[in-house]
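sequence and computational prediction follow.
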Amino acid sequence: MRVDAIQNGIVIDHITAGRGMQLYELLGLGELECPVALMMHAVSGKMGSKDIIKIDADIPVDLDVIGYVDPGATVNFIRDGKLIEKRRIEMPKMLTNVIRCRNPRCITSVEQELDHVFRLTDEENKVYRCIYCETKAKV
Amino acid sequence: MRSIIDVRDLSIEEIDELIRIACDIIDNPGKYSEMCHGKKLATLFFEPSTRTRLSFEAAMYELGGNVLGFSEAQSSSAAKGESVADTARTVGCYADIIAMRHPKEGAPYVASLHAGIPVINAGDGGHNHPTQTLADLLTIYREKGGFSGLTVGFCGDLKFGRTVHSLINALARYEDIKIVLISPEELKLPSYVKRDVLKKNKIPYVQTTDLEDAIPQLDILYMTRVQRERFFNEEDYLRLKDSYILDPKKLVNAKEDLCIMHPLPRVNEISVAIDEDPRACYFKQVLNGKYMRMALMLKLLEIL
Ligand SMILES: [Zn+2]
C-alpha cells in the first residue's frame, strides 16, 4: 500500500494533530486485516499540522466516532482511485457504545447487556452525558 | 407511553396542572375515590424505602385501585440476576403503572424503555426523586399561594442532597425567586448546580455558613439531613452534624409565616420542640406527597 494513494477506501483528513491515535483506537482500526495507515503531524497548509488516517478497504466506518473525537475532520470516500465523496463530519447527537460510562453508581455498571449511550447536551462546550445517570463523558 | 424519571420531564404548565389536580383532590376526595378502580400499581422497590412505598400505595388505594410489588431486591427476581429490562417487561404484563426505586442511577429509565406502561422513578440512588420534588412544590404552593417573590433557604447537606438540587432546579423556572444557601464549607452546593441552574436562570443567591443569621429573611427554610455515609471519617461527621440544628432559639427572628420543610426522615436537625410550631410544614409535606402521587398517577394513566 502506498501511503499517499489508495484504490477503494476512506481517507479521514484534517484530524486535529494528536487526535489520530485516539480515533484509530475508538474506530477499532487495529483489528482490521486490511491496510491502514495513520499519519501523525503531517504538514498542512491550513492547519499547520494534522493527522490523517487512510483505510485501504471498502468497509463501513462509524462516522459518529469521528464526529465525537474530532468534529471538523473530513472523510473522503475513494472508489477506483477517485474521490467520489467528501464529507465534513458534525458532532453526533447520540453516541452508542463508543465510550463507556465510568460512574460506579450507574445502572450500566451492573447490567452488562445495556448499551452505553451518551447524548450531546451542550453543543457549545461539547458535553456528552450518559442517558442513564447524566455523568459527563471525559473527552 | 409517558413516564416520569426526572422532574424536568414535566413542563412548568404540567406541574401547575398537577398542583391544581392535587388541590382538588384535597378539597373533594370523594370525587376521586373510585377513579382508578380496576387499575394496578406495581411498586418495584429494589432497595427498601418504606416511607416512599407506602405513600405510593396509599395514593393508589385512595384512588380505588390495587397494588402489587416487592419491597426489597432479595424478594424479587433481581436476586436471581434478572435484568431491569426483563423485570419491567414482565411487570408490564400485570400492572397498569410502575413506581420503581433502585439503588443504581438510571435503572427506572431503563425500565421505562421496556415496560410498555408508565414508570415513575421513586428514587434511583442519589440521582432523581421527582415525586419528592413534586411534594415539595405542592407544599410551597399551599403554604404561600404560589412561587413568585419567595426567598427560599436551603440548609444542611447541599453538596450531596439530591432533593435540594432537584427542588432548586424546579424553582429556577419560576420568576422572582431568591435562594439562600446555608451549609458548612464541606457541604456547599456543587458549582455545576450554581452555574447550570442558578446563574443560567439569573436566580439571585447568597451562600452563608450561618443559619441563625440567614433565617429572618426567609419565606421557606428547607432543612436537610447531614448523612453519616457522606463523610470519610467519623470526626468530621460528629463535628458538623450538630452545626445546623434548628431549635426554637434560632427561630426568634424568623418571619411569622416562615414555612419549615424537610424531606424526612430527620435525625436531629430539627428539634422536636418545633413540631408543634405552626410554621413546621414537614409532616404536611408527607401528606402532600401522597396527593401529588395521586395526581401524577391520574395523569400518567390518562384518566384525567
Ligand atoms: Zn451512566
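Ah, there it is. Not measured: the values here are computed from a predicted model.

which positions in stretch A:66-73 come out as buried?
Going by neighbour count (16 or more other C-beta atoms under 10 Å in any protein chain shown), the buried part of stretch A:66-73 is A:66, A:67, A:68, A:69, A:70, A:73. Any C-beta I mention is one placed from the backbone N, CA and C, and that applies to glycine too.

which ones are touching residue A:82?
For residue A:82, no contacting residues are found, by C-beta atoms under 8 Å, 6 or more residues apart in numbering or on different chains.

go on, residue B:250?
By C-beta under 8 Å, 6+ apart, residue B:250 lies in contact with B:211, B:212, B:215.

cool, residue B:254 as well?
Residues counted as contacts of residue B:254 (C-beta under 8 Å, 6+ apart) are B:215, B:216, B:218, B:221, B:279.

mind pulling the model confidence for whichever residue of chain A sits closest to chain B?
As assessed by C-beta to the nearest C-beta, chain B sits closest to residue A:132 within chain A, at 2.5 Å. Residue A:132 is assigned 97 on the pLDDT scale.

now residue 37. Nearest residue, chain neighbours left out?
Here I'm looking at chain A. Distance criterion C-beta to C-beta, 6 or more residues apart in numbering or on different chains; nearest residue to residue A:37, sequence neighbours excluded, is residue A:54 at 4.5 Å.

hmm, I had chain B in mind actually
Per C-beta to C-beta, 6+ apart, closest to residue B:37 is residue B:64, 4.4 Å.

my guess is that neighbour meets residue B:31, correct?
No - counting by C-beta atoms under 8 Å, residue B:64 stays clear of residue B:31, with 11.3 Å between them.

more neighbours: these two, which one.
Counted by other C-beta atoms under 10 Å in any protein chain shown, residue B:64 and residue B:31 do not tie: residue B:64 has more neighbours, with 14 against 10.

quick one: that one is in a helix?
No - counting by DSSP: H, G, I helix; E, B strand; the rest coil, residue B:64 is not found in a helix; it is coil.

pull the contacting residues for it.
Contacts of residue B:64 by C-beta under 8 Å, 6+ apart are B:33, B:34, B:35, B:36, B:37.

of the contacts of residue B:250 - the most surrounded one?
residue B:215 (22 neighbours).

one step back: among the contacts of residue B:254, which two are most distant?
The distance between the two most remote of the contacts of residue B:254 (C-beta to C-beta) is 13.2 Å, for B:216 and B:279.

just want to know which of those two has more residues nearby.
Higher neighbour count among residue B:216 and residue B:279: residue B:279, with 15 against 12, using other C-beta under 10 Å.

contacting residues around that one?
So residue B:279 contacts B:251, B:254, B:257, B:258, B:259, B:260 (C-beta under 8 Å, 6+ apart).

kindly report the same for residue B:72.
B:45, B:46, B:47, B:48.

and it, how far from residue B:102?
To residue B:102, residue B:72 is 11 Å away according to C-beta to C-beta, to the nearest Å.

tell me where chain A has helices.
A:20-26, A:63-69 (DSSP state H).

please identify the most buried of those helices.
Stretch with highest mean neighbour count among those: helix A:63-69 (a mean of 21; mean count of other C-beta atoms under 10 Å in any protein chain shown).

that helix: how far from the chain's middle?
4 Å (C-alpha atoms, centre = their mean, to the nearest Å).

what helices or strands is it leaning on?
helix A:20-26, strand A:94-96 (3 or more C-beta pairs under 8 Å, 6 or more residues apart in numbering or on different chains; DSSP states H and E).

possible to save the ones you listed as JSON lines with distance to residue B:88 and mean pLDDT?
Formatted as JSON lines, the helices and strands packed on helix A:63-69 follow (distance: least, C-beta to C-beta, whole Å; pLDDT from 0 to 100):
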{"stretch": "helix A:20-26", "distance to residue B:88": "31", "mean pLDDT": "93"}
{"stretch": "strand A:94-96", "distance to residue B:88": "20", "mean pLDDT": "95"}
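
out of the ones you listed, which gets nearest to the ion?
strand A:94-96 (12.4 Å; C-beta to the ion).

how far does that closest one sit from its chain's centre?
Centre-to-centre, strand A:94-96 and its host chain are 12 Å apart (C-alpha atoms, centre = their mean).

that strand near the ion at all?
No - using C-beta under 5 Å from the ion, strand A:94-96 stays clear of the ion, with a minimum separation of 12.4 Å.

neighbouring strands of that strand in the sheet, and parallel or not?
Under the criterion DSSP bridges, strand A:94-96 sits next to strand A:117-122 (antiparallel) in its sheet.

now the residue nearest the centre of chain A. Nearest residue, chain neighbours left out?
Nearest residue to the geometric centre of chain A (C-alpha atoms, centre = their mean): residue A:66, 2.4 Å. Distances taken as C-beta to C-beta, 6+ apart place residue A:89 nearest to residue A:66, at 4.8 Å, with adjacent residues excluded.

show me where chain A has strands.
In chain A, the strands defined using DSSP state E lie at A:9-16, A:36-44, A:48-55, A:74-79, A:82-88, A:94-96, A:117-122, A:127-130.

and residue B:49, how far is that from residue B:122?
7 Å.

these two: who's more crowded?
Remark: of residue B:49 and residue B:122, residue B:122 carries more neighbours, 26 against 18, as counted by other C-beta under 10 Å.

hang on, the more buried one packs against residue B:56?
Yes - judged on C-beta under 8 Å, residue B:122 makes contact with residue B:56 at a distance of 6.5 Å.

for the residue in chain B positioned nearest to the ion, which non-adjacent residue is closest in space?
Closest residue of chain B to the ion, C-beta to the ion: residue B:106 (5.8 Å). With sequence-adjacent residues excluded and distances taken as C-beta to C-beta, 6+ apart, residue B:106 is closest to residue A:132, at 2.5 Å.
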